[in-house]
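> Task: produce atomic coordinates for the following.
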Amino acid sequence: MNYRMLTGAALALAASPAFALNILLTNDDGLTSNLKALYDELRAAGHSVIVSVPCSGQSGRSAAIVMYSTTTIVADNDKTQIEAEGGCHNGAAVTGAPAVGAFTKTGFTGGDYNYVHGTPVMATMYGLDVLSAARWGKGPDLVLSGPNEGQNVGKVVINSGTIGNAQFAAGRGVPAIALSAGTNTIDNAALANPNSRQVAQQTLKLIAALQAKAGGTALLPAGVALNVNFPDSVSASSSWAFSRIGTYDTYALKFSSAAPWGLSGSLPPAATSEQAEDEAVVYKTRIAVTAMQVGFDHRPAAQQWLRLRLRDLFSK
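Take a look at the predicted model:
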């Protein structure tokens, strides 16, 4: 069996009521074109969907567990850009509204769309612990994190809020997939970027392919989450490919040596042949799908290496 390409009839399957899932949709960007497009496509395919996202953009927050306020949405431009926008990103809710709640933006009311004035993982926790129990009486069948406005590839994934959400959910035993698209999916005005719809439609194919093989069981095995990165040029004809986090990075990030302080970086050298399956290479032309371990526990072989290497110390 070829595990490197997700092709054929499985990807062509569309969800039907018989395959309907309870899906928690979260991200680290708040209300975006990508979020709306994926919600619309999931609902059209017959899935039951709850959205729980941070009030404002929270890129790079990884798995941080922080509430910026436990009472109301407050202005704190250093952390949340609330001060600049006068409320949640793209008007999902206004300053002074409860720190947790349903969107008040016209066209997004009704209870499916919800925000948390905190980090991405706090929004995921709210969806898992409160919203899912209220809607379904149990946890979701699947957590989707994203699609992010920009790819998450290479070692930087450990710093990603998109990845942090998927890791947290998978650690709770819920199948979870992190989704990241190109920065060309940003649309902060109409929330209707056509590239967002392409990403959403391809995501439906991935879910259908996983369902076709699951046979009514969990979509992913315990201890595994997926990191999926779409190319900037994603379309209905985009191909799918196995990938790994690997050793190749899109940027060589460093801390700048002079003001203005913060991140600096440069493009890395060309990838080697050994790095051809690294997601930072694959996503340029194909939809890259990477299996991530959940948490930091290593494989049994490494555990045994540690036992042997420090056996004298451990015996004391």
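
> what's near enough to touch residue 92?
30-31, 55, 103-105, 108, 113, 115 (C-beta atoms under 8 Å, 6 or more residues apart in numbering). Just so you know, the C-beta spots here come from the backbone N, C-alpha and C atoms, and that holds for glycine as well.

> Now it. Its backbone dihedrals?
The phi/psi pair for residue 92 (degrees, to the nearest 10) reads phi -60, psi -40.

> What does the pLDDT read for it?
For residue 92, the pLDDT comes out at 96.

> got it, and residue 23?
Residue 23 carries a pLDDT score of 98 in this model.

> Surely residue 146 touches residue 196?
No: counting by C-beta atoms under 8 Å, residue 196 is not a contact partner of residue 146; they are 10.9 Å apart.

> counting residues per helix, which one in the protein is longest?
helix 194-214 (DSSP state H).

> Render the CA-only coordinates of that helix in CSV, please.
In CSV, the C-alpha atoms belonging to helix 194-214 read as follows (Å, rounded to 0.1, in the frame of the first residue of the first chain):
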residue,chain,number,x,y,z
PRO,A,194,-11.8,32.6,-3.1
ASN,A,195,-8.6,30.8,-2.0
SER,A,196,-10.2,30.1,1.4
ARG,A,197,-13.0,28.2,-0.3
GLN,A,198,-10.4,26.0,-2.2
VAL,A,199,-8.7,25.2,1.0
ALA,A,200,-12.0,24.3,2.7
GLN,A,201,-13.1,22.1,-0.2
GLN,A,202,-9.8,20.2,-0.1
THR,A,203,-10.2,19.8,3.7
LEU,A,204,-13.5,18.0,3.1
LYS,A,205,-11.7,15.6,0.8
LEU,A,206,-9.2,14.8,3.5
ILE,A,207,-11.9,14.2,6.1
ALA,A,208,-13.9,11.9,3.7
ALA,A,209,-10.7,9.9,3.0
LEU,A,210,-10.1,9.4,6.7
GLN,A,211,-13.7,8.4,7.2
ALA,A,212,-13.6,5.9,4.4
LYS,A,213,-10.8,4.0,6.1
ALA,A,214,-12.0,4.4,9.7
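
> List the buried residues for the next helix-or-strand element following that helix?
Counting by DSSP states H and E, the next helix or strand C-terminal to helix 194-214 is strand 224-229. Buried residues in strand 224-229, counted by 16 or more other C-beta atoms under 10 Å: 225-229.

> and strand 224-229, average pLDDT?
Rounded mean pLDDT across strand 224-229 is 96.

> what's the answer for stretch 156-170, then?
96.

> With stretch 270-285 instead?
For stretch 270-285, the per-residue pLDDT averages 96.

> Could you list the buried residues of it?
271, 275, 277-284.

> Next: stretch 202-222.
202-211, 219-220.

> Walking through the stretch 201-316 of the chain, point out its strands one by one.
When secondary structure is read from DSSP state E, counting those that start in this stretch, the stretch 201-316 of the chain shows strands at 224-229, 240-243, 252-255, 263-266, 287-293.
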